[in-house]
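>>> Quick one, structure for this:
(chains A and B)
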Protein chains: 2
Amino acid sequence: MTQITKRGAGRPRKALLDRDRIGVVALELVDASGDFTLPELARRLGVQTASLYHHVDGRAGVIELLREQVSGAMDPTTLDDEPWDVALARFFRSYRQVFAAHPRVVPLLTTATIRSASVIHAYDRMVARLEEAGIPPEKAMRILTALDNFVIGSALDLAAPDVMWEVPEGVVVPALSAALAAQPVNRKRADEAFEEGLGRLLASVAAEFGLVGAAATSEASEASEAS
Amino acid sequence: MTQITKRGAGRPRKALLDRDRIGVVALELVDASGDFTLPELARRLGVQTASLYHHVDGRAGVIELLREQVSGAMDPTTLDDEPWDVALARFFRSYRQVFAAHPRVVPLLTTATIRSASVIHAYDRMVARLEEAGIPPEKAMRILTALDNFVIGSALDLAAPDVMWEVPEGVVVPALSAALAAQPVNRKRADEAFEEGLGRLLASVAAEFGLVGAAATSEASEASEAS
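A predicted model of the protein is given here:
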């Protein structure tokens, strides 16, 4: 009873606790500290840990809320664009942007089974686009996972500091020093590396399956000019 | 004075605290919790936080120790193998294995400037191999970063659970379901996706610069049989 008074009877606690709010606060926690615990999350939400279980299935459930928070910021409608490689390139560009804003969430998401319906639907659409392009189902997941891995790594690279390599005094590395001097700075560096790999992967798939596939490459300069 | 007694005068504290030991304990902390703080690290090492500063330059210094711990498990001598694409493929295979054992360290390393001399030397060797193969310096870093991003993402994928996609009840995703049914399980799934992307990226670079570049692809089956 004392507890009710402490909580402040006038505040509508119940209404505040929903899956979206749990996801938002969990994301803040992970962005700041690289992880979360259920008691910590409950404390931040101003509820008892047990109350969380009315909304999510424990830690794994919170990780799926994190996945929904992050992927909710992507635009899945680009997956309907034509042709297939433009659709995938556009989607992967927004995918990279969104994950780059939350680098510390990445290992939590990549080490947990994907169960979120909206994310499962996005993968289904990606596989369908690859298959429409003539890629057999047994190769589709492998190609998609390779692309996915590249995009995740590129998102982490986009979150990298402006100076990513700093040659310490007394260390003589002529090839690296010349290559570093030749590369653009800041964000342009990461953008170019991303388009380099994305273009190569999509063009390689297109070439193997006898598709045109020039679109992703030609759009790269457009995307990098816009940024 | 009391403090000296508390610490236990007979224990050789100084000898125990070196950069390697700080790195080992920091890695344990990050593996377990996704992060570290200097006070927490000092407590685990049984020293005062101030003592850490005799060995490392604060948080950034500890992150470089984490980088050295992780990269110390890779074999840089493979970077001298012939031809260039076999050298890179072999190095990236060990790179992926090592990072997959420490997925939670990944975002700490990718969001901090690389200053570790041994890691800087490895990048220098990679750039040198690309340039020997005829790739100009202004393209070398971009290609290397694209490969690096792919390998980092693939390391996280190797650390993924056996079931990475689980279609929830009531969710109808025919293309994804067929593709999931057609893919191998467990580690073989991640290995195949890695070799798929690595082979495509290296072959694409080889093709652009008029190199042979069949070695990485032919070795993929060897590597996947051995695992």
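>>> Of all residues in chain A, which one is nearest the centre?
A:F99 (3.2 Å; CA atoms, centre = their mean).
>>> That one falls within a helix, correct?
Yes: assessed with DSSP: H, G, I helix; E, B strand; the rest coil, A:F99 lies in a helix.
>>> Enumerate every residue touching it.
Residues in contact with A:F99, defined by CB atoms under 8 Å, 6 or more residues apart in numbering or on different chains, are A:V70, A:V105, A:V106, A:V151, A:I152, A:A155, A:L156. The C-beta positions use only the backbone N, C-alpha and C, and glycine is treated the same way.
>>> swap in A:L144?
Neighbour list for A:L144: A:Y123, A:M126, A:V127, A:L130, B:A179 [criterion: CB under 8 Å, 6+ apart].
>>> Could you report the separation of A:E195 from B:F92?
Counting by CB to CB, to the nearest Å, the gap from A:E195 to B:F92 is 20 Å.
>>> sorry, back to before: and the contacts of A:L144 as JSON lines, adding pLDDT?
Formatted as JSON lines, the contacts of A:L144 follow (pLDDT from 0 to 100):
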{"residue": "A:Y123", "pLDDT": "97"}
{"residue": "A:M126", "pLDDT": "97"}
{"residue": "A:V127", "pLDDT": "97"}
{"residue": "A:L130", "pLDDT": "95"}
{"residue": "B:A179", "pLDDT": "95"}
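>>> Find the pair from the residues you listed with maximum spatial separation.
Using CB to CB, the pair of the contacts of A:L144 lying farthest apart is A:Y123 and A:L130, separated by 10.7 Å.
>>> Compare these two (neighbour count), which wins?
For A:Y123 versus A:L130, the count of surrounding residues by other CB atoms under 10 Å in any protein chain shown is larger for A:L130: 25 against 22.
>>> Verify the assumption that that one is located in a helix.
Yes: assigned with three-state DSSP, A:L130 falls within a helix.
>>> so it touches A:W84, yeah?
Yes: A:L130 is within contact range of A:W84, at 6.8 Å (criterion: CB atoms under 8 Å).
>>> From what I see, A:Y123 and B:W165 are in contact.
Yes: A:Y123 lies in contact with B:W165 (CB under 8 Å); the separation is 6.4 Å.
>>> quick one: common contacting residues for those two?
A:I114, B:L176.
>>> Show me the contacts of A:F99 that map onto helices.
A:V70, A:V106, A:V151, A:I152, A:A155, A:L156 (DSSP state H).
>>> can you list those residues in TSV and add neighbour count?
Shown next, in TSV, are the ones in helices among the contacts of A:F99 (neighbours: other CB atoms under 10 Å in any protein chain shown):
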residue	neighbour count
A:V70	21
A:V106	26
A:V151	23
A:I152	27
A:A155	27
A:L156	26
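>>> could you pick out which of those residues are near chain B?
Contacts with chain B within the ones in helices among the contacts of A:F99, counted by CB under 8 Å from any CB of the partner chain: A:V106, A:V151, A:I152, A:L156.
>>> Point out where chain A drops to low pLDDT.
Along chain A, the model assigns pLDDT under 70 to residues A:1-16, A:212-227.
>>> and with 80 instead?
Residue ranges of chain A with pLDDT under 80: A:1-16, A:211-227.
>>> Now do the contacts for A:A146.
Applying CB under 8 Å, 6+ apart, we find A:A146 in contact with A:L201, B:F150, B:S154, B:A193, B:F194, B:E196, B:G197, B:R200.
>>> Could you report the neighbour count for the residue nearest to A:R125 when sequence neighbours are not counted?
Leaving aside its chain neighbours, A:R125 sits nearest to A:L79 (4.5 Å; criterion: CB to CB, 6 or more residues apart in numbering or on different chains). Taking other CB under 10 Å as the criterion, the count of residues near A:L79 is 19.
>>> So which residues make contact with the host helix or strand of A:D124?
Here A:D124, judged by DSSP states H and E, is contained in helix A:117-132. Contact with helix A:117-132 is made by A:67-68, A:71-72, A:74, A:76, A:79-80, A:84, A:87-88, A:91, A:114, A:137, A:140-141, A:143-144, A:205, B:165, B:167-168, B:171, B:173-179, as judged by CB under 8 Å, 6+ apart.
>>> distance between that helix and the chain's centre?
Centroid separation for helix A:117-132 versus its chain: 16 Å, with CA atoms, centre = their mean, to the nearest Å.
>>> which parts of that helix are buried?
A:119-131 (16 or more other CB atoms under 10 Å in any protein chain shown).
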